[in-house]
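Novice: build me a model:
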Amino acid sequence: MSSLSRHRAIVVVTGASAGVGRAVVRRFAKHGARVALLARGRAGLEAARAEVEQAGSEALVLPTDVADAAAVEAAAAAVEERFGPIDIWINNAMVSVFSPVKQMTAEDYRRVTEVTYLGYVYGTLAALKRMVPRDRGMIVQVGSALSYRGIPLQSAYCAAKHAIEGFSESVRTELIHDRSQIRITLVHLPAVNTPQHTWSKSRMPRKAQPVPPIFQPELAAEAIYHAAYHYRREWTLAMITDLVLAGNALAPGVGDWYMARTGYESQMTDEPEDPDRPHNLWNPLPGDYGAHGRFRAKARSWSVQWWLTRHRWAVWLVAALLVGLGIMAWNMID
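Specialist: This is a model prediction of the structure:
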């Protein structure tokens, strides 16, 4: 159990205006946290602030492009000036491009890397700058099954998620070396029903969709909230994430073949894409997009794997008891 107190915790969430970040903001506000909201879209940020205040807590809106290191640092300073010492920093902001590599541009890769990878680096640096002198705090990196398994049509995003994994492991080893009480954890998510597939830049012939099975952002927020207070080096949400990680470790070549066969169709609906529709790669789209995407009917709000993950010691205890009873029964029969 983390030493951090849940009472009036001061939490920073990047990518707070929509999707998983928006659901995370709601979750922490429900438990009384004071939440700093970092994202580019003003409308989504203001709507998130209203939800925090409706839950009876406080929010600080900080329009921030996390690709700008100076802006992230300024935001961190503003949080501590307003609320006090940051307890939890959650890196979640992302952008993506759905496109075959042969159609990608250098600018596409640069922008996705600056937001989805370097945004995490800048957020971590800003958090550590404040947490190290106090020797306490939690940094939560929102990862993905794609942190381990690259798939077609999302090369820039997959690369950024892989980079977050390596960066976070390096940071963790240095914290351990320094005997620091600061913790850094990753929460690897499956496909989630967020607006990402509505507003991301796409060169695909049909509209993008998450690779099934799809889960609701509230379940992702539950996992991230839990991880912030119960340290483990990495958490995974949903059986599919565990299968992807295990499969890539044991038989990566099979994963290559499988994704080559299925990875294109599984990421597209039957609806044609408008090649001229607006996207959020460079600038936020107007309006409030909320936490959910277009796939409510297909998305699950529960996960047996997540329940077992949270209660794994109880599961092991029950298993041990069953084995013990089985041995006793066998000896009695014998």
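
Novice: please count neighbours and contacts with C-alpha atoms only from this point.
Specialist: OK.

Novice: how about the residue positioned nearest the centre of the chain, what does it touch?
Specialist: With the centre of the chain defined as its mean C-alpha position, the nearest residue by C-alpha atoms, centre = their mean is V142, 2.6 Å away. The contact partners of V142, by C-alpha atoms under 8 Å, 6 or more residues apart in numbering, come to I90, N91, N92, L186, V187, H188, L189, I224.

Novice: quick one, helices of this protein?
Specialist: 19-30, 42-54, 69-82, 106-112, 118-134, 155-177, 196-199, 217-229, 239-250, 252-262, 304-310, 312-333 (DSSP state H).

Novice: what angle separates the third one from helix 118-134?
Specialist: Calculated by axes from the mean of the first three to the mean of the last three C-alpha atoms, to 10 degrees, helix 69-82 forms an angle of 40 degrees with helix 118-134.

Novice: tell me, how many residues neighbour A163?
Specialist: The burial metric for A163, expressed as a neighbour count using other C-alpha atoms under 10 Å, is 20.

Novice: swap in S301?
Specialist: Using other C-alpha under 10 Å, S301 is surrounded by 12 other residues.

Novice: G19 versus the nearest residue to it once chain neighbours are set aside, what's the distance?
Specialist: Nearest non-adjacent residue to S301, counting by C-alpha to C-alpha, 6 or more residues apart in numbering: Q216, 5.2 Å away. From Q216 over to G19 the distance is 10 Å, taken as C-alpha to C-alpha, to the nearest Å.

Novice: ditto for R130
Specialist: If you go by C-alpha to C-alpha, the gap between R130 and G19 works out to 27 Å.

Novice: could you export the contacts of V142 as TSV, including distance to G123?
Specialist: Written out in TSV, the entries for the contacts of V142 read as follows (distance: C-alpha to C-alpha, whole Å):
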residue	distance to G123
I90	8
N91	7
N92	10
L186	14
V187	16
H188	18
L189	20
I224	16
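
Novice: quick one: which of R130 and G19 has more around it?
Specialist: G19 (26 against 18).

Novice: who's in contact with the more buried one?
Specialist: When contacts are counted by C-alpha under 8 Å, 6+ apart, G19 touches N193, T194, P195, Q196, P217, Y289, G290, A291, H292, G293.

Novice: and the pLDDT for the fourth one?
Specialist: Q196 is assigned a predicted lDDT (pLDDT) of 96.

Novice: so it makes contact with A291?
Specialist: No. Using C-alpha atoms under 8 Å, Q196 and A291 do not qualify as a contacting pair, with a distance of 9.9 Å.

Novice: number of nearby residues for the closest residue to V192 other than its chain neighbours?
Specialist: Spatial nearest neighbour of V192, excluding adjacent residues (C-alpha to C-alpha, 6+ apart): F215 at 4.7 Å. The local packing count at F215 equals 25, with neighbours defined by other C-alpha under 10 Å.

Novice: from V20, how far out is F215?
Specialist: With the distance defined as C-alpha to C-alpha, F215 ends up 11 Å from V20.

Novice: shared neighbours of those two, which are they?
Specialist: Common neighbours of F215 and V20, counting by C-alpha under 8 Å, 6+ apart, are V192.

Novice: ok so, going back, give me the beta-bridge partners of the residue nearest to the centre of the chain?
Specialist: In this entry, V142 is beta-bridged to V187, by DSSP bridges.

Novice: quick one: contacts for the closest residue to A208 other than its chain neighbours?
Specialist: When the adjacent residues along the chain are set aside, A208 lies closest to M268, with 4.6 Å between them (C-alpha to C-alpha, 6+ apart). Neighbouring residues of M268 by C-alpha under 8 Å, 6+ apart: M204, R206, K207, A208, Q209.
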